[in-house]
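Engineer: kindly return the folded structure for what I paste below:
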Amino acid sequence: MLSYIPIFVLAVLEGEVYYSAACARAVRGELNWLLVIIAGALGGATGDQLWFYVLRGRIHWLDRYPRLAKYRDRVSARVHSHETVMILVSRFLPGLRTAIPVACAYAGVRAVKFSLLNLTSAFGWAAAIMLLVKGGSRTLLAFGLEAWWGPFIPAVIVILFVRWLGRPRRQ
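Structural biologist: Below you'll find the predicted structure:
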């Protein structure tokens, strides 16, 4: 059982790297794959929820900065109009894994909704990585991510998300 504690702790802190290694150990039969998924999912969800709960109701100090305050209503409206989808996909977007819980805390998303959707997303994330590791390099080839530009995808997604979040809503 002690082998699963580092999986949980490191999923809280960083996400994919150690968790993927644990999945590889599970695929080789060294660890129980179900316990690896549970430890990874609970650790990942805990990391996201720490940001959300630490900043919930406390982040409005940003309003003291006029350049940031002018975006408060835009960000809140954008988050509320897409909060379910944002929370569900946040676990799959490494560059936004912290930004989305922070935006949800800033916008005042209901805590129960955030926690339940985030936990659901975390289990999907953990299971998806386990399947990717089990499938091996063939899986990345199927998605076309073996090319040199594959690592740039998360960076582009982060940039597009931040621009979308601060953009005025169309009427």
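Engineer: report all helices and strands that the particular helix or strand that has Phe114 in it contacts.
Structural biologist: Here Phe114 sits within helix 111-135, counting by DSSP states H and E. On a contact count with 3 or more C-beta pairs under 8 Å, 6 or more residues apart in numbering; DSSP states H and E, helix 111-135 meets helix 16-27, helix 33-55, helix 72-90, helix 99-107, helix 137-143. For glycine as for every other residue, the C-beta is placed from the backbone atoms N, C-alpha and C.
Engineer: switch the cut-off to 6 Å
Structural biologist: Judged by 3 or more C-beta pairs under 6 Å, 6 or more residues apart in numbering; DSSP states H and E, helix 111-135 is in contact with helix 16-27, helix 33-55, helix 72-90.
Engineer: and that helix, what's buried?
Structural biologist: Within helix 111-135, the residues that count as buried by 16 or more other C-beta atoms under 10 Å are 114-115, 117-119, 121-123, 125-127, 129-130, 132-133.
Engineer: cool, stretch 88-103 as well?
Structural biologist: Of all the residues in stretch 88-103, those buried under the rule 16+ other C-beta under 10 Å are 89-91, 93-94, 96-97, 99-103.
Engineer: now that we have the residues you listed, can you turn them into CSV and tack on pLDDT?
Structural biologist: Compiled in CSV, the buried residues of stretch 88-103 are given as follows (pLDDT from 0 to 100):
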residue, pLDDT
Val89, 87
Ser90, 87
Arg91, 87
Leu93, 80
Pro94, 76
Leu96, 78
Arg97, 82
Ala99, 84
Ile100, 88
Pro101, 91
Val102, 87
Ala103, 86
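Engineer: distance of the residue lying closest to Val17 once chain neighbours are set aside from Gly40?
Structural biologist: Of all residues not flanking Val17 in the chain, Leu10 sits nearest, at 7.9 Å (C-beta to C-beta, 6 or more residues apart in numbering). As judged by C-beta to C-beta, to the nearest Å, Leu10 and Gly40 stand 9 Å apart.
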